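give the three-dimensional model of this entry:
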Amino acid sequence: HAHVKERGLSLAVAPVEKGCLSSGFGPRQLKGQPMLPHRGLDIAWAWPTDVYAAAAGTVVNVFYTASYGKTLVLDHGAGVYTLYAHLDSYDDDATLGARLEAGARLGVMGTTASPRVRRHLHYEILTGDYDPRRNVRKLQALNAFDLPSAG
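Here you go, the predicted structure:
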C-alpha cells in the first residue's frame, strides 16, 4: 500500500488479483508515437483477472473512451481519486453512486480501447477537484511508487 500522506489515505499500489508491472509512470514512447506522459501504472496479466478497489470509495464515473476503454473512477474523499481503465467488464455492484469497501471487486482486467490493447489494467492515483463532466486529465496524477509506504 502507498500512503497519500497529506490526505491521510492508504491505497493499494497494484489493485489486481494477479499481474506484473508492464509500464510505469512518467514519460514513455510507444512505437511510432512521440514521447508522451504516462499518468499511471500498467499492470498486465495474460488471462482475465479481477480488479479491486484500492481503498473504500464511491463510484463517481463509469465511462468508455477510445484511449481508456471501459473505465471506472472512485472518489476516496479528501480530493483523492483512483481510475481503473481497459476493463473488459464491470462488477454488478460497481455502479455509479455505489459506495464500495476497500478490496471490493470492480470488474475484470481487459483489452478495451480503440484500437484494442493487450490485456492490462491502467491504474491512476489522482488528486484535485473532480467534476465528472470534465476530463479526468484535469486532475493531478501521482506516481504510486513515489508515495511513502503505508506499512
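
next, please give the residue ranges for the strands of this protein.
Remark: strands assigned in the chain by DSSP state E are 2-4, 9-11, 20-23, 26-28, 36-38, 41-44, 50-52, 57-65, 69-75, 80-90, 99-100, 105-109, 120-127, 140-142.

so what's the closest residue to residue 67 other than its chain neighbours up against?
Residue nearest to residue 67 in three dimensions, not counting chain neighbours: residue 113, with 6.2 Å by Cβ to Cβ, 6 or more residues apart in numbering. C-beta coordinates here come from the backbone N, C-alpha and C atoms, glycine included. For residue 113, the contacting residues are 66, 67, 68, 69, 85, 86, by Cβ atoms under 8 Å, 6 or more residues apart in numbering.

hmm, what's the outermost residue in this protein?
What lies farthest from the middle of the chain is residue 32; by Cα atoms, centre = their mean that is 25.2 Å.

where in the chain is pLDDT low?
The chain contains residues with pLDDT under 70 at 1-3, 5-6, 24, 27, 29-31, 35, 150-151.
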